[in-house]
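Asks: Need coordinates for the below:
(2 chains)
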Amino acid sequence: MKAISKLKNMASSASLSLSRPFSIATFGSRYVSAGSFSLLDEFTNFCYQRDLPRAMKAMDAIQRHGIWADSITYSELIKCCLARGALKEGKLVHNHVFSNGHRPNTFLTNILLNMYVRFSLLDEARALFDQMPERNVVTWTTMISAYSNAKLNDKALEFLIQMLREGVMPNMFTYSSVLRACNGLSNLRQLHSSILKVGLESDVFVRSALIDIYSKLGELHDAQGVFNEMVTGDLVVWNSIIGGFAQNTDGDEALYLYKSMKRAGFPPDQSTLTSVLRACTGLALLELGRQVHVHVLKFDRDLILNNALLDMYCKCGGLEDANYVFTRMLEKDVISWSTMIAGLAQNGFSREALNLFQSMKESGVKPNYITILGVLFACSHAGLVEDGWYYFQSMKKLFGIDPGREHYGCIIDLLGRAGKLDQAIKLIQEMDCEADAVTWRTLLGACRVHRKVDLAIHAAKQVLKLDPEDAGTYILLSNIYANSQRWDDVAEVRMTMKARGIRKEPGCSWIEVNKKIHAFILGDSSHPQIDEINRQLNQLIHRLMGLGYVPDTNFVLQDLEGEQREDSLRYHSEKLAIIYGMMTLSREKTIRIRKNIRICGDCHIFAKLISKMEQRTVVIRDPIRYHHFQNGLCSCGDYW
DNA sequence: CTAGGGTTAG
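Replies: A predicted model of the protein is given here:
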């Protein structure tokens, strides 16, 4: 410290800039006259002043005299080029320091190398790397980091191996870069054990990189293990684990960790809030999402965060809030537009979705693969066969996007709704991409609605071939057979299920009341108010039956999955959740429910009748679509 | 001179 303050005093008394180095130049072999010395002085000054145009001119002058400045000066100049995106000038500096057989040291070459990496010129970087006579850990790390950022994972790993072979020891920088390049678990476990061996696991960068890659590979258990070992925390480490759970659809754990993080004294930042919103989205927690919104206001310029907020409102059925956020966003990108378009379409506002698509095009934002999906989804929901077909046919020509499996799925849905099953099956045969389980399930849905038994059996078999774990399809297939009195086939399906150990998931519905989540599971009566709920449910069913409601126990071809317990039809979890919502939420409030499996035909009718009789809005989100029940009608148009 | 975390569909 003393030395520094001494230097400062010297500098101010001599009115020199501190950043100016005392040693000015490394001289070439040639004689340097007093005139060229001042040229060099000038060059150095311009570099430190970050005056790029003058520095470049001065560099030209010293080059003509065959002299070079020191590495620090050039590194300042290159920083300046990087800050201004001046690639051309950067290349000139590169040529200059290599001119007339001069060779920069490893430090300066690393900086040049990094410059090419920052400009995403990996080939140039590689060429420079290849001609370096000496490569230190920074050299290797720069290349590895460049390759992992470019997703050239094999290259990154290959460089790590090469580096080790040449006896250069990786440091924490190296590990945190190369971890992102892990393609599989075996790579990762190997790297992890080397990290433990050299004791670098306590570095926060390495820790967060480990957590992140474990969770990207779906190994949340390992990610949490690494997290739990943490002694001194760091915001990014917290964000890594919270993001890991949020992205792996374990919203509960993400939210729990979010609370712990705040308790540990780390204020959330943009990244934290984005993950927390994603967790709310997955759990359909509109009220909690609204609370998070308050914190988002501090970061109103953050596009990613606002997109996450927008999506939360869309997915939680808060369309008005979504629209509010959307109109007020300072900046909108493809994701913002796509989110809003899909959100409108999924919630039954097809016309609005298509209008928004129009505005998007007018605003000059280019639609992408996902945008078109939302558009096609809107068309199929509104029964706009012509429009949907048009967009599908011309998406390549208009937007340069090749239709993928999901686009075909939308069109199959579109044709299916319109009852054009022959065309739908023809399309499946003509698809450029392989039909998958989702494709066939879409067709199966159409067969169910239009009661095409033979085609339904074919589609169901295809689904099960591609996804042998799909309990709902087994049930549906067995119901179809039962309905046609094909008892041998029924027995066979049941046997297959048993042999494969397929068990149907119990139906479960969640509703958020007073910031608490209430879960209703079929066959579970642990809710404290279950007796009252059942009493009111029975009363209501009685009243509905007086108005002509007939509990629909004939599931065949009406129920794609449902809760599959014919005898307890009246206790399906969504019915319990609706009643509970009616009991606890004031009349003008929307009853919002999330379900783990698809709604059955009977509950669908039940919800429609309630919406009319009680004049209440009910929104049920199942795993694949939204049902807005209002005044006796559902936004899905009775097709799902 | 080299390093870590977040958004749309499925």
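
Asks: Going by neighbour count, list what's buried in stretch A:431-447.
Replies: A:431, A:435, A:437-447 (16 or more other CB atoms under 10 Å). For glycine as for every other residue, the C-beta is placed from the backbone atoms N, C-alpha and C.

Asks: now, which of the residues you listed lie within strands?
Replies: Counting by DSSP state E, none of the members of the buried residues of stretch A:431-447 fall within strands.

Asks: The closest residue to residue A:104 other than its chain neighbours: what's it in contact with?
Replies: Counting by CB to CB, 6 or more residues apart in numbering, residue A:104 lies nearest to residue A:97, which is 4.5 Å off, once chain neighbours are set aside. Residue A:97 makes contact with A:68, A:74, A:104, A:108, A:112, according to CB atoms under 8 Å, 6 or more residues apart in numbering.

Asks: for chain A, longest helix please?
Replies: Longest helix in chain A by number of residues (criterion: DSSP state H): helix A:530-546.

Asks: Can you name the residues in contact with that helix?
Replies: A:527, A:549, A:551, A:570-571, A:575-576, A:579-580, A:582-583, A:606, A:609-610, A:613.

Asks: ok so, going back, which ones, among the buried residues of stretch A:431-447, also lie beside DNA strand B?
Replies: Contacts with DNA strand B within the buried residues of stretch A:431-447, counted by CB under 7 Å from any atom of the strand: residue A:438.

Asks: Export the buried residues of stretch A:431-447 to TSV and append columns for pLDDT and distance to residue A:273.
Replies: Output for the buried residues of stretch A:431-447, formatted as TSV (pLDDT from 0 to 100; distance: CB to CB, whole Å):
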residue	pLDDT	distance to residue A:273
A:431	89	40
A:435	90	39
A:437	91	35
A:438	90	32
A:439	93	36
A:440	93	39
A:441	91	35
A:442	90	35
A:443	91	40
A:444	88	39
A:445	85	37
A:446	87	40
A:447	87	44
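
Asks: Report the separation between the residue lying closest to residue A:262 once chain neighbours are set aside and residue A:277.
Replies: Spatial nearest neighbour of residue A:262, excluding adjacent residues (CB to CB, 6+ apart): residue A:268 at 6.9 Å. Distance, residue A:268 to residue A:277, by CB to CB, to the nearest Å: 11 Å.

Asks: Compare these two (neighbour count), which wins?
Replies: The residue with more neighbours, out of residue A:268 and residue A:277, is residue A:277; 28 against 22, by other CB atoms under 10 Å.

Asks: wait, what's in contact with that one?
Replies: Residue A:277 touches A:289, A:292, A:296, A:305, A:308, A:309, A:311, A:312, counting by CB under 8 Å, 6+ apart.

Asks: that older thread, now, of the contacts of helix A:530-546, which are buried?
Replies: Using 16+ other CB under 10 Å, the buried ones in the contacts of helix A:530-546 are A:527, A:549, A:570, A:571, A:575, A:576, A:579, A:580, A:582, A:606, A:609, A:610.

Asks: check which helix or strand covers the fifth one.
Replies: Assigned by DSSP states H and E, residue A:575 falls within helix A:573-584.

Asks: and what of residue A:433?
Replies: Counting by DSSP H and E, residue A:433 is found in no helix or strand.

Asks: any idea what sits nearest it, other than its immediate chain neighbours?
Replies: Closest to residue A:433 by CB to CB, 6+ apart is residue A:405, at 4.9 Å.

Asks: ok but residue A:589 is inside a helix, no?
Replies: No. With DSSP: H, G, I helix; E, B strand; the rest coil as the criterion, residue A:589 is located in coil rather than a helix.

Asks: quick one: it from DNA strand B, how far?
Replies: 25 Å (CB to the nearest atom of the strand, to the nearest Å).

Asks: what's around that residue, how many residues?
Replies: 12.

Asks: follow-up on the earlier one: for the residue nearest to residue A:104, what are phi and psi?
Replies: The phi/psi pair for residue A:97 (degrees, to the nearest 10) reads phi -70, psi -10.

Asks: And for residue A:418?
Replies: Taking degrees, to the nearest 10 as the convention, residue A:418 sits at phi -80, psi 0.
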